[in-house]
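**Student:** would you be able to build a 3D model of this:
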Amino acid sequence: MTALSLALEEVRRRDRAYLDQPNPYQSLAALPQIWPLAAQRFGDTLALDDPHGDPSARLTYTQLEQGIRTFAQGLQALGVGAGTHVALFADNSHRWLIADQGIMTAGAMNAVRSGTAETEELRYIAEHSESTAIVLENLALLRRLEDRLADLPLSFGLLLSDEDPPQGPLPWYNFRQLMDLGQAHPYSPVALQPQDLATLIYTSGTTGKPKGVMLTHANLLHQVNTLQVVVQPQPGDRVVSILPSWHSFERTAEYFLLSRGCSQTYSSIRSLKADLKTVRPQYMVGVPRLWESIYDGAQKQFRDQTPAKQRLIFTCLGWSQAYVDNLWRFQDLKLDQPQLSPGQRLTAGLAALALWPLHQLGRLLVYSKVRQATGGQVKQLISGGGSLARHLDVFFEIIGVPLLVGYGLTETAPVLSARRAWHNLRGAAGQPIPFTDIKIVDPESRQDLPQGARGLVLARGPQVMAGYYRNPEATARAIEQDGWFDTGDLGWLSKDGNVVLTGRAKDTIVLTNGENIEPQPIEDACIRSPYVDQIMLVGQDQRSLGALVVPNLEALQAWAASQSRWIALPGEQGPPSGLTPMPLTDAAVEALIRGELNRQVKDRPGYRPDDRIGPFQLLSEPFSVENGLLTQTLKVRRAVVTERYRDMIEAMFT
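**Tutor:** This next block holds a predicted model:
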């Protein structure tokens, strides 16, 4: 056996220790069968807390199961059953989960999307999914959609709110009316099978019509029954939920954590800071942008201290970074130094031992306060939905908040690989989860590549989708005849079987000298700068890379104030007394950002001259979900940004 095969066999051996534990869900045929068992096991344990909902609610596992069953009975009374397709357009709330699982319990499948998505996209999903019933978040969403739904073959509509439904040719019900109907109607058992379609999750469709990813009950149950090899929550452990509930990452995480008896609190970007302190979660699922915001908050705290305290803080951080660096060398967990000799590892271990007291001093004086921003009781944070910048790995290790990273796609339900707590290789996306195979192939020839070679990531396992709904051509392109799924990601396998991602095949920037540049690692390096909030590289078919940069205006204003200047932004009031206004395009501002970009890019492991960023433009408007430049999981919609700033990008290279 090769070294890679031996490493993967060791992973499987360790995973089996968790898989062999008693699991009441192992033999289930369909996802909604979880909830009666969970109610029996956890009963009066708090399942869902929705403090910001309208209405707010706190549901035990018994109440959650009853709510799901009653919702299903109401749907069955209206004719919903096996084979029915129901569109569900709403966002996070306890009623979303009741609706989602109520639809499946009734025997139907759902097609889901955020209620904030564009009107035409929602109309397309309702039509393309062949839905004959529709569930909307509230009356406002109905008013926005009703003209676009008029010609669809819907038999009824449902509001998740308690607002009075409209009167018209299409029967509409509100949540309370449906639940009342369900209480008066007995449940008709449905014989769901593992291969039955459970849900359609539509891709964002930034470069064309959205594709409906077909996930079966078997796909979703695979995740519920295997993710305990990554995290091992206990009944009553607290979870804060902030990602969109309809998204595959958050959705699967909720199914898994609730199947283990956790207590989940729904939060939002607006209320997260307060909720973390109130709930004090043991677990939280998030995307890199969320962890970046916690990091930025800590950096702001540091900058707000007196000069003497800042010197103490950054001295402690220097000690701790050296400690962590040597510790990872000793543990053979340095991705960019995979060939350390025993002597080098021993030397690193002795250095870490010497630095340990200084690191503990930093934890006592500095990091404990930062850790309190997460509630102070985190067992593990779980990151997915995009690559994690290396400085975030280092930061969370320093402050003592365990952070694990997983990798997957909507098409894989979603988890393919994840780091394990016993082998947390920073910079990697983890080792395959049980019953999952991952290999690297040449993008052109499709020939297997050896360990360490970079190429296209293919995956195979029980979580791979059944295909794209009503799109056999796209399905055939994505899934090969022997079951291998083309992820569209580029990467390589480390010696211990960790997946290391280097970018998206479609995101690759090709310069005129033929060099292929993966933008994500360079962007991750640049946002280490306190003056860079967001960045997107450009430069396809150009001589060098360029960048669109959203600066951290708070840090930038502090820098300007130190020089008796003030950044003048459109629509803002004048500068404070005694400060001279300067535009964002001022040469001094551009020189500052230029220096930051150069420094961060050159300090990145594996730096090459072609990684250098040439021209750049500063943007005063950040990328956000509201302006359409970020997805719901806070990833930059590159095609949309490119189109929005096409003239600016072209001018950059003129």
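
**Student:** residue contacts, residue 288?
**Tutor:** 383, 385, 386, 387, 388, 389, 392, 634 (CB atoms under 8 Å, 6 or more residues apart in numbering). C-beta coordinates here come from the backbone N, C-alpha and C atoms, glycine included.

**Student:** please tell me how far stretch 386-402 is from the chain's geometric centre.
**Tutor:** 15 Å (CA atoms, centre = their mean, to the nearest Å).

**Student:** just the buried positions in it, please.
**Tutor:** Of the residues in stretch 386-402, those with enough neighbours to count as buried (16 or more other CB atoms under 10 Å) are 386-399, 401.

**Student:** what about residue 212, how many residues nearby?
**Tutor:** By other CB atoms under 10 Å, the residues close to residue 212 number 23.

**Student:** that one against residue 468, yeah?
**Tutor:** Yes - assessed by CB atoms under 8 Å, residue 212 is found in contact with residue 468 at 6.1 Å.

**Student:** mind listing which of the contacts of residue 288 are in helices?
**Tutor:** Among the contacts of residue 288, the ones falling in helices (DSSP state H) are residue 392.

**Student:** what helix or strand is residue 500 on?
**Tutor:** The secondary structure element spanning residue 500 is strand 499-504 (assigned by DSSP states H and E).

**Student:** contact partners of the strand or helix carrying residue 127?
**Tutor:** Here residue 127, judged by DSSP H and E, is contained in helix 119-128. Under the contact criterion CB under 8 Å, 6+ apart, helix 119-128 has outside partners 87, 89, 111, 113, 134, 144-145, 148-149, 152, 154, 200, 202, 205, 209-210, 212, 469-470.

**Student:** which of those residues count as buried?
**Tutor:** Buried members of the contacts of helix 119-128, scored by 16+ other CB under 10 Å, are 87, 89, 111, 113, 134, 145, 149, 154, 200, 202, 210, 212, 469.

**Student:** quick one, strands of the stretch 201-350 of the chain?
**Tutor:** 212-216, 238-241, 263-266, 283-286 (DSSP state E, counting those that start in this stretch).

**Student:** also the stretch 501-650 of the chain?
**Tutor:** Read by DSSP E, counting those that start in this stretch, the stretch 501-650 of the chain holds these strands, from start to end of the chain: 509-510, 516-517, 532-538, 545-551, 565-568, 580-583, 613-618.

**Student:** narrow the buried ones among the contacts of helix 119-128 to those in strands?
**Tutor:** Members of those lying in strands (criterion: DSSP state E): 87, 89, 111, 113, 134, 200, 202, 212.

**Student:** list the buried ones in the helix holding residue 127?
**Tutor:** Buried residues in helix 119-128, defined by neighbour count with 16+ other CB under 10 Å: 121, 122, 123, 124, 125, 126, 128.

**Student:** helices and strands around the strand holding residue 500, which ones?
**Tutor:** The criterion is 3 or more CB pairs under 8 Å, 6 or more residues apart in numbering; DSSP states H and E, and the helices and strands that strand 499-504 contacts are strand 485-493, helix 519-526.

**Student:** weakest of these by average pLDDT?
**Tutor:** Sorting these by mean pLDDT places helix 519-526 lowest, at a mean of 91.

**Student:** show me the contact partners of it.
**Tutor:** For helix 519-526, the external contacting residues (CB under 8 Å, 6+ apart) are 386-391, 501-504, 507, 509, 532, 535-537, 545, 547, 549, 596-597, 600-601, 603-604, 606, 611, 613.

**Student:** domains for the protein, by residue range?
**Tutor:** Under the assignment named as automatic domain parsing, the residue ranges that make up the domains of the chain are 31-192+234-281, 288-505, 508-652.

**Student:** tell me which of the ones you listed sits nearest to residue 6.
**Tutor:** domain 288-505 (9.3 Å; CB to CB).

**Student:** let me know the average pLDDT across the helix holding residue 127.
**Tutor:** 96.

**Student:** buried residues, stretch 9-19. List them.
**Tutor:** By neighbour count on 16+ other CB under 10 Å, the buried set for stretch 9-19 is 11, 15, 18.

**Student:** no, scratch that, I was asking about stretch 614-634
**Tutor:** In terms of neighbour count (16+ other CB under 10 Å), stretch 614-634 has its buried residues at 615-619, 623, 625, 629-634.

**Student:** and which of those is nearest to residue 171?
**Tutor:** If you rank the buried residues of stretch 614-634 by distance to residue 171 using CB to CB, residue 632 comes first, at 30.4 Å.

**Student:** give me the below-cutoff pLDDT ranges for the stretch 1-150 of the chain.
**Tutor:** Within the stretch 1-150 of the chain, the ranges that satisfy pLDDT under 70 run 1.

**Student:** can you give me the strands for it?
**Tutor:** Shown for the stretch 1-150 of the chain, the strands assigned by DSSP E, counting those that start in this stretch span residues 46-50, 57-60, 85-89, 109-113, 133-136.

**Student:** and those strands: which comes nearest residue 283?
**Tutor:** When the strands of the stretch 1-150 of the chain are ranked by proximity to residue 283, the top entry is strand 46-50, at 14.2 Å, counting by CB to CB.

**Student:** how about the CA coordinates for the closest one, as PDB?
**Tutor:** Presented in PDB, the C-alpha positions along strand 46-50 are these (Å, rounded to 0.1, in the frame of the first residue of the first chain):
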ATOM      1  CA  LEU A  46     -35.200  22.700  24.100                       C
ATOM      2  CA  ALA A  47     -34.900  22.000  20.400                       C
ATOM      3  CA  LEU A  48     -35.500  25.500  18.800                       C
ATOM      4  CA  ASP A  49     -35.300  29.000  20.200                       C
ATOM      5  CA  ASP A  50     -36.400  31.700  17.800                       C
END
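
**Student:** against which helices or strands is that strand packed?
**Tutor:** The contact analysis (3+ CB pairs under 8 Å, 6+ apart) places strand 46-50 against strand 57-60, helix 61-77, helix 94-105, strand 263-266.

**Student:** let me know the average pLDDT across stretch 275-291.
**Tutor:** The average pLDDT within stretch 275-291 is 94.

**Student:** just use 29 as the starting number from now, easier for me
**Tutor:** That works, and once the first residue is 29, the last one we named lands at stretch 303-319.

**Student:** buried stuff in it?
**Tutor:** Going by neighbour count (16+ other CB under 10 Å), the buried part of stretch 303-319 is 303-304, 307, 309-319.

**Student:** tell me which of those is nearest to residue 60?
**Tutor:** Comparing every one of those with residue 60 (CB to CB), the shortest separation belongs to residue 313, at 21.5 Å.

**Student:** which strand residues bridge the closest one?
**Tutor:** With DSSP bridges as the criterion, residue 313 is bridged to residue 410.

**Student:** nice, that's everything, thank you.
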